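Asker: generate a structure from the sequence data that follows.
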Amino acid sequence: MLKIVMFILSVAVAEEFEELDDESIELIEFLDGITRRRDLDPVVLVPGLAGSHLEYRNRTGTKWNTLWLNFGRTLPGLWQAYKKVLQVNYDPVTETYSSNPNIVTRPVDYGGLKGVDYLDPVVKTVTKMYHPLIRTLQETGYEEGKNLFGAPYDWRLANAKQVMSNGMYAQLKDLIERAFSINKGKKVHVIGHSCGCIFLRQFLSDYVTKEWKEKHIASFISTSGPYSGSVEAFAHLAAPRKWVIPTLSPNDVHELVQNFAGIYWMLPNMNAFPPSKVVARIPSLKTVITVENMTAAFATTGRRMKLQGVEMTQKHISHMEPPRVPVHIFVSNGKSTTKEVIYDGTANNWWKKAGTDVIQDGDGTVPIESLLAPTKWKTMQNEPVDLTVIPRESHLGIVGSKQYLLAVRDIVSR
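Answerer: Numbering: from 1, shown residues only. You can find the predicted model right below:
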């Protein structure tokens with residue numbers, strides 16, 4: 001009975017957006033024009049923040065349930081219980097994030113595609129991640145588990161320090177080696193989106209050796225990479241703010257995301273921005289928050305947990321060392337993107353409500369300076385680095401654009 005109720009609730013959410021369709025007519029028509037190819041290099045797909053499908057079980061149980069994302073459980077009456085399993089804990093002594101101690105979590109279908117295709121298999125269209133690219137590559141001749149692989153990860157527990165030792169990079173290294181072996185020594189293209197780009201950049205720069213990369217990696221395809229972070233990340237930590245899940249209030253979102261390690265990894269940093277880059281203004285305090293002093297937004301309001309998260313991130317963030325593999329950068333521009341936020345409340349409550357956004361150019365989520373930061377690698381490594389700008393696509397929408405799909409197909413296949 002509970003499963004039936006959950007399905008009906010998920011359908012209700014989907015119908016609100018008129019989005020139960022598996023594929024749009026536009027995508028179907030596009031795929032009809034894709035021809036098969038014979039020379040296919042192996043591909044590994046790494047998603048961004050909140051882009052991996054996750055599951056959990058009670059520590060004493062055996063049944064796995066959806067952790068992220070289940071639209072039905074974000075509805076009133078179900079949200080509080082769902083939030084408890086989603087939230088994580090931060091230990092300032094060990095500087096690590098961990099799940100609720102009563103549960104065990106894992107990415108869905110690691111190595112397969114179910115963990116990076118859709119986030120909610122019921123509400124598909126609004127939870128598409130790599131689906132358009134997966135379908136394009138499949139029409140080209142790719143097969144799941146043979147030369148097309150997914151590498152979902154628990155982005156709630158992913159930050160610059162923790163991924164080096166919590167097994168995420170070890171698992172990715174093993175998957176790339178397996179893809180290489182299955183394909184009889186063909187080098188592997190690793191494709192990242194958003195936070196998946198900085199996840200992959202650090203893996204390539206800091207985790208694996210030069211010799212390993214020369215043997216196993218064909219290229220790094222970076223899509224919408226927030227290499228100098230995003231003001232949106234700060235804004236979600238600073239005050240209640242609406243997110244992509246329409247059933248959650250700004251206060252619900254704020255309470256949920258404040259512990260996620262991945263959102264701290266996406267805070268504005270000095271990879272492209274100067275220390276004086278303005279992130280927020282608080283007129284009632286006559287205070288300007290910059291990249292250099294972001295901790296002030298939390299230290300002065302007694303929010304110690306967030307202060308510790310920001311301090312830890314700034315301490316351990318791995319900067320712009322080049323990956324030293326061929327790099328293909330895909331970004332978009334021409335979308336209204338948050339440059340800074342003005343908080344108009346009083347000195348005692350400015351953080352209680354979302355501020356007013358000051359707008360600049362970008363992809364709707366990441367400012368253009370942050371997106372273009374990796375172009376500096378052209379002078380930092382011998383391997384080629386190329387840039388493709390696809391105008392007026394959103395941060396995630398670029399993954400479904402025809403120009404992007406055809407360009408990636410041409411990189412990985414012949």
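
Asker: so which strand or helix has the residue sitting nearest the centre point of the chain?
Answerer: A centroid search over the chain (CA atoms, centre = their mean) returns Gly48, at 1.8 Å, as the residue closest to the centre. Under the criterion DSSP states H and E, no helix or strand holds Gly48.

Asker: contact partners for it?
Answerer: For Gly48, the contact set (CB atoms under 8 Å, 6 or more residues apart in numbering) comprises Trp155, Gly192, His193, Ser194, Cys195, Gly196, Cys197, Ser224. Where C-beta positions appear, they are placed from N, C-alpha and C, glycine not excepted.

Asker: hmm, the fourth one is touching Tyr227, no?
Answerer: No - taking contacts as CB atoms under 8 Å, Ser194 lies outside contact range of Tyr227: 10.6 Å.

Asker: looking at these two, which has the bigger crowd around it?
Answerer: The residue with more neighbours, out of Ser194 and Tyr227, is Ser194; 28 against 24, by other CB atoms under 10 Å.

Asker: look up how far Asn348 lies from the nearest residue to the more buried one once chain neighbours are set aside.
Answerer: When the adjacent residues along the chain are set aside, Ser194 lies closest to Gly48, with 2.8 Å between them (CB to CB, 6 or more residues apart in numbering). Noted for Gly48: a distance of 36 Å to Asn348, by CB to CB, to the nearest Å.

Asker: and what of Asp120?
Answerer: 39 Å.

Asker: out of the two, which sits in the busier spot?
Answerer: More crowded of Asp120 and Asn348, by other CB under 10 Å: Asp120, with 20 against 10.

Asker: hmm, back to that, strands - which of the contacts of Gly48 land there?
Answerer: When these are checked against strands (DSSP state E), the matches are Gly192, His193.

Asker: among the contacts of Gly48, which two are most distant?
Answerer: Trp155 and Ser224 (14.9 Å; CB to CB).

Asker: tell me the pLDDT of the residue nearest to Ser194.
Answerer: Gly48 is assigned a predicted lDDT (pLDDT) of 96.

Asker: quick check on it: phi, psi?
Answerer: phi -100, psi -160 (degrees, to the nearest 10).

Asker: spit out the contact partners of Val399.
Answerer: Met129, Tyr130, Pro132, Leu133, His193, Thr223, Ser224.

Asker: ok, Phe298 next?
Answerer: Going by CB under 8 Å, 6+ apart, the list of residues near Phe298 reads Leu237, Ala238, Arg304, Lys306, Leu307, Val310.

Asker: quick check: bridge partners of Leu54?
Answerer: Trp68, Pro107 (DSSP bridges).

Asker: what number of residues lie near it?
Answerer: Residues near Leu54, counting by other CB under 10 Å, number 22.

Asker: before we move on, what about Ser276?
Answerer: With other CB under 10 Å as criterion, Ser276 counts 10.

Asker: give me the below-cutoff pLDDT ranges for the chain.
Answerer: 1-22 (pLDDT under 70).

Asker: in it, which spans are helices?
Answerer: 2-16, 25-32, 79-86, 131-140, 168-182, 195-202, 210-216, 231-238, 250-257, 261-265, 296-299, 304-316, 368-372, 402-412 (DSSP state H).

Asker: can you tell me which residues contact the closest residue to Ile398 other than its chain neighbours?
Answerer: Nearest residue to Ile398, sequence neighbours excluded (CB to CB, 6+ apart): Ser332, at 4.8 Å. Contact analysis of Ser332 by CB under 8 Å, 6+ apart lists Ser224, Asp363, Leu371, Val389, Ile390, Pro391, Arg392, Glu393, Ser394, His395, Gly397, Ile398.

Asker: try Pro274
Answerer: Pro274 neighbours (CB under 8 Å, 6+ apart): Val291.
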